[in-house]
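Undergrad: here's a sequence, model it:
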Amino acid sequence: MTAFSPVLLEPQPGQVAVRWLGQGGFAFRSPNGTTWVVDPYLSDFGRNGPARRLVAPPVDPSTVFCDAVLCTHAHSDHADPVSLSAIMKASPEARLFGRAASIAVGVEAGIPDPRLQHISVGDRSIPVRGLRQPSTDVAVDVVFADHSGDACGFVFSVGDGPRPFRLYVTGDTLHHPDLVSDATTGVDLLCVCINGRWGNMGAVEAATLARALEARRVMPMHYGVMVDNDADPTTFLEALAKSGAIAEPKVLAIGESWLVSY
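TA: Presented below is the predicted three-dimensional model:
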């Protein structure tokens, strides 16, 4: 898969392209061109009526072309049936990866069964690829999250060499000792929620987690989109500086892209 419009940067060998879509949503591309999306919330869908967004979605979901979509849990700002339906129509070879409740949202969005990939916490090294993609340089470990329902987090391993780039997206989660595991420790990039409400850890806890994981880089997320669920990333940066964590912080604007080298 080579297209993502508007532009997702093209990584060179030793790089991964990252684009923050707002909330817990990201688009990624590997050096071999595998493109995957996590928790895309690109509409104003809400179970109780349209959500009040602070900013418009940074991309039209009908222009997202990818090999896979992965949802950490079934809340509408992570498994959005409007966005999932549009992305899957634009990417007819893409598969949706999720636990039972997220897969149910996929069914609601009209995604046929062959394109639904059921996953469970504890699954390791699952290839992230489309229906007919012969090979991939991306695999995912499904890891613990302390949130409602059957939430999970993802640790992606990118690259075919002896030391892949490891990228941890926490999804929504409270701070919990089980977030630290063999699968999550020492990641190259940690994408961590900081909003501190509605079942998520706050800035200080996120900084504490970055230190415990010995993450090399850390990116705050889950703020700046919802009227009643915002946070100031400066608070996280201050907490990180005081925490003793080795992680280098990276703050992206919603819709901004970044090439991270490894």
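Undergrad: CA only for contacts and neighbour counts going forward, please
TA: OK.
Undergrad: do a quick rundown of the strands in the protein.
TA: Assigned by DSSP state E, the strands in the chain fall at 15-22, 25-29, 35-38, 68-70, 95-98, 116-118, 126-127, 138-143, 153-158, 165-169, 189-193, 217-221, 248-249, 257-261.
Undergrad: redo those as TSV? Include mean pLDDT.
TA: Compiled in TSV, the strands of the chain are given as follows (pLDDT from 0 to 100):
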stretch	mean pLDDT
strand 15-22	96
strand 25-29	97
strand 35-38	97
strand 68-70	98
strand 95-98	98
strand 116-118	98
strand 126-127	98
strand 138-143	98
strand 153-158	98
strand 165-169	97
strand 189-193	98
strand 217-221	98
strand 248-249	98
strand 257-261	95
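Undergrad: what's the burial count for residue 104?
TA: By the criterion of other C-alpha atoms under 10 Å, residue 104 has 17 neighbours.
Undergrad: pLDDT score assigned to it?
TA: pLDDT recorded at residue 104 is 98.
Undergrad: now it: how far from residue 112?
TA: 11 Å (C-alpha to C-alpha, to the nearest Å).
Undergrad: who are the contact partners of residue 160?
TA: residue 137 (C-alpha atoms under 8 Å, 6 or more residues apart in numbering).
Undergrad: quick one: end-to-end distance for stretch 105-124.
TA: 23 Å.
Undergrad: so where is the protein shaky, pLDDT-wise?
TA: 1-7 (pLDDT under 70).
Undergrad: in the stretch 1-150 of the chain, which spans are helices?
TA: 81-90, 100-108 (DSSP state H, counting those that start in this stretch).
Undergrad: buried sites along the last one?
TA: Think helix 100-108. Buried residues in helix 100-108, counting neighbours by 16 or more other C-alpha atoms under 10 Å, are found at 100-106.
Undergrad: can you lay out the residues you listed as JSON lines showing distance to residue 172?
TA: Formatted as JSON lines, the buried residues of helix 100-108 follow (distance: C-alpha to C-alpha, whole Å):
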{"residue": "100", "distance to residue 172": "16"}
{"residue": "101", "distance to residue 172": "15"}
{"residue": "102", "distance to residue 172": "14"}
{"residue": "103", "distance to residue 172": "17"}
{"residue": "104", "distance to residue 172": "19"}
{"residue": "105", "distance to residue 172": "17"}
{"residue": "106", "distance to residue 172": "19"}
